[in-house]
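A.B. asks: all I have is the shape, not the residue letters:
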Ligand SMILES: C[S@@+](CC[C@H](N)C(=O)[O-])C[C@H]1O[C@@H](n2cnc3c(N)ncnc32)[C@H](O)[C@@H]1O
């Protein structure tokens, strides 16, 4: 029989849980803000398209390894079997916040240890092209942010879970909903990510590696996520999958 970890549910215990959740949330927000600068080559001394210092092979191995660590952490910790095991060790109300915290740590490791390579694949210096690329890059991040609110921003980042625990209320899982963007594609948040990583006026080898590995990761993550969504929502999700394209509105592949 599974033993779920319970917390000290005194007022102080609940305050601690709430503060932990808020800390994890803000750590993730800061990491995301850094990601915008890192991917878009804005403000930061080292970003995806900086010049390389290392040999090409060493840099490629390190960069792919770092992305592998992130992919492993992000997918493994999201699996139900992992959560069932994990919540025997940590209390359930902080499971999502801890996932968010570990995701931030994995991303920080990527930013910290990333080896830029240089070597330009494409570069657009004229103003119109730059405006187009940066507008699509910005649009991508806006789509990511708005999509989190369309699902439930506070549940996605663990704040709802810790708040309900603080209030001594039972957690209720989110309903399956398809508002706004979700009427046109099943994975708008990932569409936003794809725009943010590919829409760059300067594409170097390291950026290309980042974009390719992330794209492959997103395509694999979609399969895992949809399997879970079918398990949870059954026919409702299967019908949705038949009617709404995965990533490209109107013309994209339905399932
Ligand atoms: C990072 S979000 C990405 C959501 C979606 N794949 C996208 O790209 O917009 C992952 C979480 O969203 C949930 N989710 C995905 N589609 C959903 C929907 N239509 N309604 C409610 N939750 C959804 C999944 O169960 C998962 O916990």
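C.D. replies: Arrived safely, thanks for sending. Values in this document were obtained by computation on a predicted structure and should not be read as measured data. Residues are numbered from 1 along each chain as shown.
A.B. asks: how about the helices in the stretch 101-250 of the chain?
C.D. replies: Remark: helices assigned in the stretch 101-250 of the chain by DSSP state H, counting those that start in this stretch are 127-151, 153-156, 159-166, 188-198, 205-233, 235-243.
A.B. asks: go through those helices and name the closest to residue 16.
C.D. replies: helix 159-166 (9.6 Å; Cβ to Cβ). C-beta here means a position set from N, CA and C on the backbone, and glycine is covered the same way.
A.B. asks: now that closest one: buried residues?
C.D. replies: 159-163, 165-166 (16 or more other Cβ atoms under 10 Å).
A.B. asks: now do that helix: which elements does it pack against?
C.D. replies: For helix 159-166, the packing partners by 3 or more Cβ pairs under 8 Å, 6 or more residues apart in numbering; DSSP states H and E come out as helix 11-40, helix 95-113, helix 153-156.
A.B. asks: winner for burial among those?
C.D. replies: Ranked by mean neighbour count, those are led by helix 95-113 with a mean of 18 (mean count of other Cβ atoms under 10 Å).
A.B. asks: so what secondary structure elements neighbour that helix?
C.D. replies: By 3+ Cβ pairs under 8 Å, 6+ apart, helix 95-113 packs against helix 11-40, helix 56-76, helix 80-86, helix 159-166.
A.B. asks: could you redo the last one with a cut-off of 6 Å?
C.D. replies: Packing partners of helix 95-113 (3 or more Cβ pairs under 6 Å, 6 or more residues apart in numbering; DSSP states H and E): helix 11-40, helix 56-76.
A.B. asks: nearest to the ligand, of those helices?
C.D. replies: helix 56-76 (9.3 Å; Cβ to the nearest ligand atom).
A.B. asks: how about the residues of the stretch 1-150 of the chain near the ligand?
C.D. replies: With Cβ under 6 Å from any ligand atom as the criterion, the stretch 1-150 of the chain comes near the ligand at residues residue 147.
A.B. asks: nearest to the ligand within the stretch 1-150 of the chain, name that residue for me.
C.D. replies: For the stretch 1-150 of the chain, Cβ to the nearest ligand atom, closest residue to the ligand: residue 147, 4.6 Å.
A.B. asks: what's the neighbour count on the residue lying closest to that residue once chain neighbours are set aside?
C.D. replies: Leaving aside its sequence neighbours, residue 147 sits nearest to residue 189 (Cβ to Cβ, 6 or more residues apart in numbering; 3.9 Å). Neighbourhood size, residue 189 [other Cβ atoms under 10 Å]: 19.
A.B. asks: hmm, residue 189 is touching residue 149, no?
C.D. replies: No: checked against Cβ atoms under 6 Å, the pair residue 189 and residue 149 is beyond contact range at 10.5 Å.
A.B. asks: residue 38 is in contact with residue 111, isn't it?
C.D. replies: Yes: taking contacts as Cβ under 6 Å, residue 38 lies within contact range of residue 111: 5.4 Å.
A.B. asks: before we move on, back to that, can you put the helices of the stretch 101-250 of the chain in a markdown table and add distance to residue 250 and mean pLDDT?
C.D. replies: As requested, the helices of the stretch 101-250 of the chain are arranged in a markdown table below (distance: least, Cβ to Cβ, whole Å; pLDDT from 0 to 100):
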| stretch | distance to residue 250 | mean pLDDT |
| --- | --- | --- |
| helix 127-151 | 16 | 96 |
| helix 153-156 | 27 | 96 |
| helix 159-166 | 33 | 96 |
| helix 188-198 | 13 | 97 |
| helix 205-233 | 18 | 93 |
| helix 235-243 | 12 | 92 |
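A.B. asks: closest to residue 81 out of these?
C.D. replies: helix 205-233 (10.9 Å).
A.B. asks: can that closest one be found next to the ligand?
C.D. replies: Yes: residues of helix 205-233 are located near the ligand by Cβ under 6 Å from any ligand atom, namely 225, 228-229.
A.B. asks: good, wrapping up.
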